[in-house]
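**Student:** Provided below are the primary sequence and the corresponding predicted coordinates.
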Amino acid sequence: MVSKAKSPSKAAKEERGNGDELHQLAGGSHPPMTTDQGTPISDDQNSLRVGQRGPTLLEDFILREKITHFDHERIPERIVHARGSAAHGFFELTASLKNYTTARILTEVGEKTPVFTRFSTVAGGAGSVDTPRDVRGFAVKLYTKEGNWDLVGNNIPVFFIQDAMKFPDLVHAVKMEPDRGFPQAASAHDTFWDFISLTPEAFHMIMWAMSDRAIPRSLRMIEGFGVHSFRLVNASGKSTFVKFHWRPKLGLQSTVWDEAVKLAGADPDFHRRDLFESIQAGNFPEWELGVQLFTEEQAAKFPFDHLDATKLIPEELVPLKIIGRMVLDRWPDNFFAETEQVAFCPSHLVPGIDFSNDPLLQGRLFSYLDTQLSRLGSPNFHQLPINAPKCPFANHQRDGHMQQQVPKGRVAYGPSSLQDDAPREDASRGFRSFPAEEAGERGRIRSETFADHYSQARLFYTSQTTHEQAHIALALVFELSKVETLHVREAVVGHLRHIDDDLAKRVAAGLALDKLPPAPKAKAPVLDMPPSPALQIIGKMKRTLQGRVVGILVNDGSDAKTVASVRKAAEAAGATVKVVAPKVGGAKLSDGKKLVADGQLAGTPSINFDAVAVVLSADGAGQLRDEAAAIDFLRDAFGHLKAIALDAGGQALFEVTGLDPDDGVIAATDTKAFIEGAKGRYFDREPRVRTLP
Ligand code: HDD
C-alpha cells in the first residue's frame, strides 16, 4: 500500500540527511560539486523521480551523466604487462658519457631528470596477483630537456624470441588458454610449454624465467635491463653500442616458490603495497644505472650476435660502468590517471641515442605506438599529463579525439611563410639517425649468427650456485607437472640435454619419465663459456636488513623487554618492525601496557616478513597450540628458510610444530645473532624442508 506522501521538500531533506552527516565527518573545505559542465548539484544521492515511490525520469541529466561516465571508466587493459605499479622520482647523472653521446641526460653530471617508472608482471590481467612466476617489466619514462626517453625493459636481460614477428604467438601461448579461460597469470600450462618446446631460441630466457629472478621478494630488489643494444652517437658522429642496466641499491633478493604461492593468497598486492609503504615511509627505492659500452669491432669478436635479443653480454667480457642513479620518491596521486594511462614506447628517444638493428627492437618500435592508440583511444595520448614532455613541444600535428591544445594562427603546415612563431626544424639540435650503411637482399631471413640457442642457456645455468640450480630444476618440474600432454613434457626435457645433462636428468626424474628423451638437433655447436657469477642472485644478495621487514608475534603476557630489545635491534639494522597478535587491537604485555598490533595473526602470516621473532607468555604455547595460523607462522618461516628468534614461550610453541631446529633458530635474547641471521636466508636448510630434484 502506498503511504501518504510527505511534502516533497521535507521528504528530500530527510533522505539527504544521511549523506550530509557522513560528509560532515570528513572535515576540510569542500569545493561545490558540479556536473561535468559546471552546473552546481543540489543532491547527488537521489535520482529524479515522480513521487516517493514512482518512476525515475529520463530527464535526469545529472543521473545520466554520472552513470554514463561510470559505464566508460575502464579502458582496454594492456595486452601484456596489464598488472603494474609505478612511482615518480628522478634520475641523476653521476658520470658523463660526453665522449660517447650528445644526449644531454647522459652528459650533464649532477642534473636531475624527472622520471616515472612502472613495474609489471607480464601474463596476468590488471587485477591479477603480484607474485606469480613471471618476468617483471621495468619501464622508465625519463622526461629529459630534449624530449621524453622511454627505456622499456624487463628484470631479465634477454628475451624469449629473436624476431618481433613471433610476439603475438608467444603472448597467445602464455596467456590463459582461449577455450577455457585459465590459467590466469601462469606459464604452467600446455600451450605455453608447447610453444616453448617448438621454439629453441627461447631456452636461454626459460632458464631465467625458471630461476628465482621470476619470483622477486620486492620490486625494490630487482635489476632492470634495456635488453637490446642501442647506439650512442657523439658530437663527431661516432657511434658506440650500449646496453643499459639498472642495479637495485638494496641488492637482489627473491622469495622461495612456496612463499610466492602463499603470498598470492595472503596478499595479492604484496609488491604494490611494499613499494607504496616504502615510499610513504621515506625509504625511497634506488637503482644505479650502468652501461656496457662496446664498438662494432669488439662486437664482431663476440662468440654471439649482440643484435640477437636472446643473448646477453657477460659483464666479464664488457664490464659495467655506473653512470647514474634513479630514486623513486613519490607515489602517484591517482592510479588511473598516471599508472594506467602512462604510455611507454621504445620509439620515444632523444638526440644522441639511436636504435640498433635488433629485429625484436625494430618490431617494438611499431607495436607500442599502435597499442597506445587502441588503449588510450586517440593520437593525442601524449597530451595526458603523465605522458606530456616537460620540455616545450610544438609541431603541425592537429585535431583528433580529445584534443586538449588550442593552437593559434593560420599555419599548420610547413614550409610556411605566413606566421613568425610557427614551429621550424632545428638542424643543429634535432634528432638525426646514425647513418649506418645497409645493403643486402630483401627477404624473410634469420641470420645464421642467431643460430646458437643453447650456449648462453648453459652459461646461465652453470653460473648459478647449487641452491639456485636446484630451484631451476624444481621450477621446471613444477611447471611441466602442470602440463597434461606427455610429448610436450618430454620435448622440453630433450632441449635441456643441450643445456646441462644433469639438469635434464633431474627434471626427468622429477617428472618420473621412464627414460631420458632424445635431444633435438642443435643448429649450432653448444659452446662452454667461462661461468659468469654476475648472473647469480644468491651471490649478489646483500647481507642487510635495509628495506626488509621483521615480524614479532606476541600475545597477552609476552615479555615487554624482549619485544623491545628485538624491535630496537632490528630497527637499528634498518628493518621495519611489525607486530602480530591474535587480535588486531594488540596484546597486553608483561609490563601491563597494551602493544597495538600491525596485523591480526590469522591475516598476517610469516610470509609477510623476512625474519620473525616469536615472543610469548609462559602459557602462550598452550593458548596457541591449536591455532593453525600460529603453527603455520613458525612452519612457514622455517620452510621459507628464514631466521627465527624464540623466547621460552616461543620455544614451547616451536616444539609443538615438531620441526628440528637448526642454527637459524635463535634465542630471542641473542639479538646480535638473530639480526645477523635475519640478513640472509638459510639455504642449507632447504633439503630438510622440501624434496629438491
Ligand atoms: Fe613489450 C608492454 C617490455 C618485447 C609489445 N613491454 C611492455 C611493457 C614492458 C615491456 C615493460 C609494459 C610497459 C608499461 O608499463 O606500460 N617488451 C618488453 C621487453 C621486450 C618486449 C623488455 C623485449 C626485449 N613487446 C615486445 C615485443 C612486442 C611488444 C617484441 C611486439 C612486437 N609490449 C608490447 C605491447 C605493450 C608492451 C603490446 C602492451 C602494453 C603496452 O605495450 O603499452 O605493445
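**Tutor:** Received the coordinates, thanks.

**Student:** residue 55: neighbour count?
**Tutor:** 8 (other C-beta atoms under 10 Å). Quick note: C-beta positions are derived from backbone N, CA and C, even for glycine.

**Student:** revised request: answer the last question for residue 625.
**Tutor:** Residues near residue 625, counting by other C-beta under 10 Å, number 14.

**Student:** quick check: it touching residue 654?
**Tutor:** No. Using C-beta atoms under 8 Å, residue 625 is not in contact with residue 654; the gap is 11.0 Å.

**Student:** strands along the stretch 401-550 of the chain, start to end?
**Tutor:** 549-554 (DSSP state E, counting those that start in this stretch).

**Student:** which parts of it are helices?
**Tutor:** 455-463, 466-481, 486-499, 501-510 (DSSP state H, counting those that start in this stretch).

**Student:** export these as CSV, with columns for mean neighbour count.
**Tutor:** Below are the helices of the stretch 401-550 of the chain laid out as CSV (neighbours: other C-beta atoms under 10 Å):
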stretch, mean neighbour count
helix 455-463, 23
helix 466-481, 20
helix 486-499, 21
helix 501-510, 19
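
**Student:** who wins for proximity to residue 589 among those?
**Tutor:** The minimum distance between residue 589 and the helices of the stretch 401-550 of the chain falls on helix 466-481, with 38.4 Å, by C-beta to C-beta.

**Student:** tell me what the closest one is packed against?
**Tutor:** Contacts defined by 3 or more C-beta pairs under 8 Å, 6 or more residues apart in numbering; DSSP states H and E place helix 466-481 against helix 257-266, helix 486-499, helix 501-510.

**Student:** which strands or helices does the longest one pack on?
**Tutor:** If contacts are counted by 3+ C-beta pairs under 8 Å, 6+ apart, helix 486-499 sits against helix 190-197, helix 203-209, helix 455-463, helix 466-481, helix 501-510.

**Student:** residues touching the residue of the stretch 451-600 of the chain found nearest the ligand, list them.
**Tutor:** Taking C-beta to the nearest ligand atom, the ligand has its nearest neighbour within the stretch 451-600 of the chain at residue 456, 14.9 Å off. By C-beta atoms under 8 Å, 6 or more residues apart in numbering, the contact set of residue 456 is 158, 204, 304, 310, 311, 312, 529.

**Student:** mind running it again at 10 Å?
**Tutor:** Shown in contact with residue 456 (C-beta atoms under 10 Å, 6 or more residues apart in numbering): 158, 203-205, 207, 303-304, 308, 310-312, 314, 499, 526-527, 529, 532, 535.

**Student:** any idea how far it is from residue 396?
**Tutor:** 47 Å (C-beta to C-beta, to the nearest Å).

**Student:** isn't residue 555 up against residue 620?
**Tutor:** Yes. Residue 555 lies in contact with residue 620 (C-beta atoms under 10 Å); the separation is 4.9 Å.

**Student:** in the stretch 251-400 of the chain, what residue spans correspond to strands?
**Tutor:** Using DSSP E, counting those that start in this stretch, strands in the stretch 251-400 of the chain cover 286-294, 321-330, 353-355.

**Student:** which parts of stretch 626-646 are buried?
**Tutor:** 629-646 (16 or more other C-beta atoms under 10 Å).

**Student:** ok, now stretch 118-130?
**Tutor:** Applying 16+ other C-beta under 10 Å to stretch 118-130 flags 118, 119, 120, 121, 122, 123, 124, 128, 129, 130 as buried.

**Student:** what's near enough to touch the fourth one?
**Tutor:** Applying C-beta under 10 Å, 6+ apart to residue 121 gives the contacts 80-85, 128-137, 185, 214, 271.

**Student:** try it again at 8 Å.
**Tutor:** Contacts of residue 121 by C-beta under 8 Å, 6+ apart are 81, 83, 84, 128, 130, 132, 134, 135, 136, 137, 185.

**Student:** which of those lies closest to residue 52?
**Tutor:** residue 128 (44.7 Å).

**Student:** isn't the closest one right next to residue 184, touching?
**Tutor:** Yes. Using C-beta under 8 Å, residue 128 is in contact with residue 184, at 5.6 Å.

**Student:** adding pLDDT and secondary structure, write the buried residues of stretch 118-130 out as CSV.
**Tutor:** Putting those into CSV (pLDDT from 0 to 100; DSSP: H, G, I helix; E, B strand; the rest coil) gives the following:
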residue, pLDDT, secondary structure
118, 98, strand
119, 98, strand
120, 98, strand
121, 98, strand
122, 98, coil
123, 98, coil
124, 98, coil
128, 98, coil
129, 98, coil
130, 98, coil
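
**Student:** keep only these that also lie close to the ligand.
**Tutor:** Counting by C-beta under 6 Å from any ligand atom, 118, 120 from the buried residues of stretch 118-130 sit close to the ligand.

**Student:** phi, psi of residue 87?
**Tutor:** phi -150, psi 160 (degrees, to the nearest 10).

**Student:** what's the nearest residue to it if we skip its chain neighbours?
**Tutor:** With C-beta to C-beta, 6 or more residues apart in numbering as the criterion, residue 87 has its nearest non-adjacent residue at 4.0 Å, and that residue is residue 328.

**Student:** test my guess that the one you found contacts residue 88.
**Tutor:** Yes. Counting by C-beta under 8 Å, residue 328 does reach residue 88; the two are 6.9 Å apart.

**Student:** neighbour count winner among the two?
**Tutor:** Neighbours per residue, other C-beta under 10 Å: of residue 328 and residue 88, the larger number sits with residue 328, 24 against 19.

**Student:** residues contacting that one?
**Tutor:** 87, 88, 89, 115, 117, 275, 279, 284, 285, 286.

**Student:** per-residue confidence for it?
**Tutor:** At residue 328, the model reports a pLDDT of 98.

**Student:** ditto for the one 4 residues further on
**Tutor:** The confidence metric pLDDT takes the value 98 at residue 332.

**Student:** what's around whatever residue of the chain ends up closest to the ligand, how many residues?
**Tutor:** Per C-beta to the nearest ligand atom, residue 137 is where the chain lies closest to the ligand, at 2.7 Å. By the criterion of other C-beta under 10 Å, residue 137 has 21 neighbours.

**Student:** again, but for residue 663
**Tutor:** Neighbours of residue 663 under the rule other C-beta under 10 Å: 11.

**Student:** quick check on it: phi, psi?
**Tutor:** Backbone geometry at residue 663, expressed as degrees, to the nearest 10, gives phi -70, psi 0.

**Student:** hmm, back to that, out of the helices and strands packed on helix 466-481, nearest to residue 171?
**Tutor:** Taking the helices and strands packed on helix 466-481 one by one with C-beta to C-beta, helix 486-499 is closest: 18.5 Å.

**Student:** now that closest one: mean pLDDT?
**Tutor:** On average, helix 486-499 scores 98.

**Student:** after the lowest-mean-pLDDT helix or strand in the chain, next one along is what?
**Tutor:** Scoring the helices and strands of the chain by mean pLDDT, DSSP states H and E places helix 8-26 at the bottom, with a mean of 52. Counting by DSSP states H and E, the next helix or strand C-terminal to helix 8-26 is helix 61-71.

**Student:** how close does residue 327 get to residue 198?
**Tutor:** 44 Å.

**Student:** which one's more surrounded, the two?
**Tutor:** residue 327 (17 against 14).

**Student:** isn't the more buried one up against residue 88?
**Tutor:** No. With contact defined as C-beta under 8 Å, residue 327 does not count as touching residue 88 (10.0 Å).

**Student:** can you get me a residue count around residue 150?
**Tutor:** Neighbours around residue 150, by other C-beta under 10 Å: 20.

**Student:** about what we covered before: do you know which of the helices and strands packed on helix 486-499 lies nearest residue 672?
**Tutor:** helix 466-481 (25.5 Å).

**Student:** which residues of the stretch 351-500 of the chain lie near the ligand?
**Tutor:** 360, 363, 364, 367, 368, 371.

**Student:** any idea of the pLDDT on residue 539?
**Tutor:** The predicted local confidence for residue 539 is 85.

**Student:** for residue 471, what are its contacts?
**Tutor:** Contacts of residue 471 by C-beta under 8 Å, 6+ apart are 211, 212, 256, 257.

**Student:** much appreciated, bye for now.
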